[in-house]
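> No sequence on hand, only this structure:
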């Protein structure tokens, strides 16, 4: 949430959130228009989620997501 007021309120970029429509966990990449952009842990295409369908990820999901990211980084050349 920036002080400029242009972005909708919601999870901060870099945090993990759950898309309540289907239960997917993603890292918040930013806000575009009225949507929150999420990216799967470990990489992949971003998807847009309405702000009303986003909730903070519970600690267990955050830990699993971070492990997926670390494992992916370990496989990169």
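Nice, thanks for sending it over. Keep in mind that what you see is a predicted model, and the values were worked out from it rather than measured.

> contacts, neighbours, all on C-alpha from now
OK.

> what are the ranges of the helices in the chain?
For the chain, helices defined by DSSP state H occupy the ranges 59-75.

> Return, as residue ranges, the portions of it with sub-threshold pLDDT.
Where the chain drops to pLDDT under 70, the residues are 1-9, 77.

> got the angle for the longest strand along it vs helix 59-75?
As assigned by DSSP state E, the longest strand anywhere in the chain is strand 24-32. Orientation of strand 24-32 against helix 59-75 (axes from the mean of the first three to the mean of the last three CA atoms, to 10 degrees) gives an angle of 80 degrees.

> Neighbouring strands - and their directions - for strand 24-32?
Applying DSSP bridges, strand 24-32 is found paired with strand 16-19 (antiparallel), strand 35-39 (antiparallel).

> Export those strands to TSV and append columns for mean neighbour count.
Listed next are those as TSV, based on neighbours: other CA atoms under 10 Å:
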stretch	mean neighbour count
strand 16-19	24
strand 35-39	23
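
> Please tabulate these in CSV and include distance to residue 25 as additional columns.
Below are the strands paired with strand 24-32 laid out as CSV (distance: least, CA to CA, whole Å):
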stretch, distance to residue 25
strand 16-19, 4
strand 35-39, 8
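
> what's the closest of these to residue 50?
strand 35-39 (4.8 Å; CA to CA).

> Report the distance from the closest one to the chain centre.
Strand 35-39 has its average C-alpha position 6 Å from the chain's average C-alpha position, going by CA atoms, centre = their mean, to the nearest Å.

> same question, stretch 64-71
13 Å.

> follow-up on the earlier one: mind listing what's buried in the longest strand of the chain?
25, 26, 27, 28, 29, 30, 31 (16 or more other CA atoms under 10 Å).

> Going by distance to residue 59, which of those residues wins?
residue 25 (11.6 Å).

> mind listing what that closest one touches?
16, 17, 18, 19, 40, 41, 57, 61, 65 (CA atoms under 8 Å, 6 or more residues apart in numbering).

> Noted, bye for now.
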